[in-house]
Every structure is written in structure tokens, then in C-alpha cells.
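Asks: need a 3D model of the following:
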Amino acid sequence: MKNKILSREKNPVSYGALDNAAKDKYHKIKVEDLVLEHCIKKGLITSTDISIKTGKYLALKEVIETALHAFQLVDDFDDTNITIDNVDAHIEYKKKLVQRIIRVISDRLLISLPDLRQ
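Replies: Residues are numbered from 1 along each chain as shown. I've put the predicted structure just below:
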């Protein structure tokens, strides 16, 4: 039995299904959720904070949303044409965004510390 080599030209239907699966995988990964999971793991907030929408959670959510919008404004990244060929790069971009937003949160926490040089 000969191995069939898939190509977009010869099998557009097969690639269409693979591309749709890649899009679904990409869209299921939410930057906001990944940042919140990290904050829970590190003890910054709890799942209870999220479920009852404490002030701490709402402030954190606002920082996450604002940072995400700010980075999306300056980054030259287009996620409108996701395919099986580029989905890994798109997911990697989201993971890098998570780290950048975590850094913003960390910086905001450090900025809020009192000045001890008195």
C-alpha cells in the first residue's frame, strides 16, 4: 500500500476539516483564563474570588483586559487565517501574551508597594 501524501491542492476537503479543528483548538485557549489560572496557582486570588467576583478579582480582570488590548494594539499579529500549518505559532503567541500580562500584573503589584526610603 502506497503512502498518500496530503496536499492542499489534491485534498482541499481533508485540509478544510483539519483547519477547522485547528481553529477550534486555537479559540478554546483564552489568554484571560490562562492568566487567571496562573494567578490562582501562585495564590494571588482564589477560585472563590472569581466565583463571587470580589473586588480583588475585578481589579485583576481589568488589568488583564487592559494589558491584552494594549498588546494587541501594538503587536503585528493576525489571527484571522488559522490553519493546521500555523496553529502552533498562533498558540505560542497566546502563551507569550500570557507571560507579558503576568509581568504587567507583577509590575503593578511592585509599584503599589510603599516607598521605604524615608
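Asks: what's around Val74, how many residues?
Replies: 7 (other C-beta atoms under 10 Å). C-beta coordinates here come from the backbone N, C-alpha and C atoms, glycine included.
Asks: output the lowest mean pLDDT helix or strand found in the chain.
Replies: Across the helices and strands of the chain, mean confidence by mean pLDDT, DSSP states H and E is lowest for helix 12-28: a mean of 81.
Asks: how close does the spatially most central residue of the chain get to Tyr15?
Replies: Residue closest to the mean C-alpha point of the chain, counted by C-alpha atoms, centre = their mean, is Val31 at 2.3 Å. To Tyr15, Val31 is 27 Å away according to C-beta to C-beta, to the nearest Å.
Asks: what helices or strands is the longest helix anywhere in the chain leaning on?
Replies: When the chain is scanned for its longest helix (criterion: DSSP state H), the result is helix 87-111. Under the contact criterion of 3 or more C-beta pairs under 8 Å, 6 or more residues apart in numbering; DSSP states H and E, helix 87-111 touches helix 12-28, helix 31-41, helix 55-74.
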